[in-house]
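Visitor: make a model of this:
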Amino acid sequence: MPSYTEENYLKAIYKLAEAQPGTEVSTNSVAEELRTRPASVTDMLRRLGEKELLHYTRYRGVTLTQEGRRLALLTIRKHRLWEVFLVQHLGFNWDEVHDVAEQMEHIDSDLLVRRLDEFLGFPQLDPHGDPIPTADGVLHRPQHRLLSDLRPGEHGRVIAVKNTSAPFLQYLDKVGVNLGTQIEVVDKITFDNSLEIKINNEVKYLVSAEVSRNLLVTD
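Guide: Below is the predicted model of the structure:
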């Protein structure tokens, strides 16, 4: 099994590759994601390449091998299952679970993960609406649109958030937005693309373009 640090690298590379499909992940983007020096990233990429967990070409970037992708998805699976457990059974709020799950995702026990999945009722989504990979590494992504893409008069139900930082989630709590919230776009402000929205057919708010780009909705 890869080390704690190696799992973090594989997970980071997977997420960066998902954000820009069809392109190799650069060393600098990995360094930025993990908040470390590019030189340290280069050393780790070489090590992971020697273990055949990724393909690394200097000055071009990196792609995961099939085994590297499998291990990255396993780490993501454990992380998201633990987030569900923390929210549903230990009373954590959705803005409190990420850092705790970051530690718990590195527990090396296939039996524990299977039992945890069964105990939770085989959830498909984590508390932020992100899909939980199956045991064989399959991700079922619900169809969605960005709130920012809705036009005045259109509405949608919030199914996920792109930004899972604590400050953003705390902001959503303050305005009364969570998974399942119904949002109607009342008006789009031309000046800055902010949106006037109605929440659950009642309260009106003006939200920034940045907020609207980080909420995923479905019809």
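Visitor: so what's Ala19 scoring on pLDDT?
Guide: We note a pLDDT of 84 for Ala19 in this prediction.
Visitor: list the residues that contact the residue nearest in space to the middle of the chain.
Guide: Residue closest to the mean C-alpha point of the chain, counted by C-alpha atoms, centre = their mean, is Asp130 at 5.7 Å. By C-beta atoms under 8 Å, 6 or more residues apart in numbering, the residues touching Asp130 are Arg80, Ala160, Thr164. Placement of C-beta: from N, CA and C, glycine included.
Visitor: can you give the distance of the longest helix anywhere in the chain from its chain's centre?
Guide: Among the segments of the chain that qualify as a helix by DSSP state H, the longest is helix 66-90. Distance of helix 66-90 from its chain centroid, counting by C-alpha atoms, centre = their mean, to the nearest Å, is 11 Å.
Visitor: next secondary structure after that helix?
Guide: helix 98-104 (DSSP states H and E).
Visitor: in that following helix, what counts as buried?
Guide: His98, Val100, Ala101, Met104 (16 or more other C-beta atoms under 10 Å).
Visitor: wait, is Lys11 part of a helix?
Guide: Yes: membership of Lys11 in a helix is supported by DSSP: H, G, I helix; E, B strand; the rest coil.
Visitor: show me how this protein divides into domains.
Guide: With automatic domain parsing as the criterion, the domains of the chain are listed as 4-64, 77-139, 145-218.
Visitor: can you list the ones you listed in JSON lines and add distance to Arg70?
Guide: What follows is the domains of the chain, written out as JSON lines (distance: least, C-beta to C-beta, whole Å):
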{"stretch": "domain 4-64", "distance to Arg70": "9"}
{"stretch": "domain 77-139", "distance to Arg70": "5"}
{"stretch": "domain 145-218", "distance to Arg70": "23"}
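Visitor: this completes my enquiry, with thanks.
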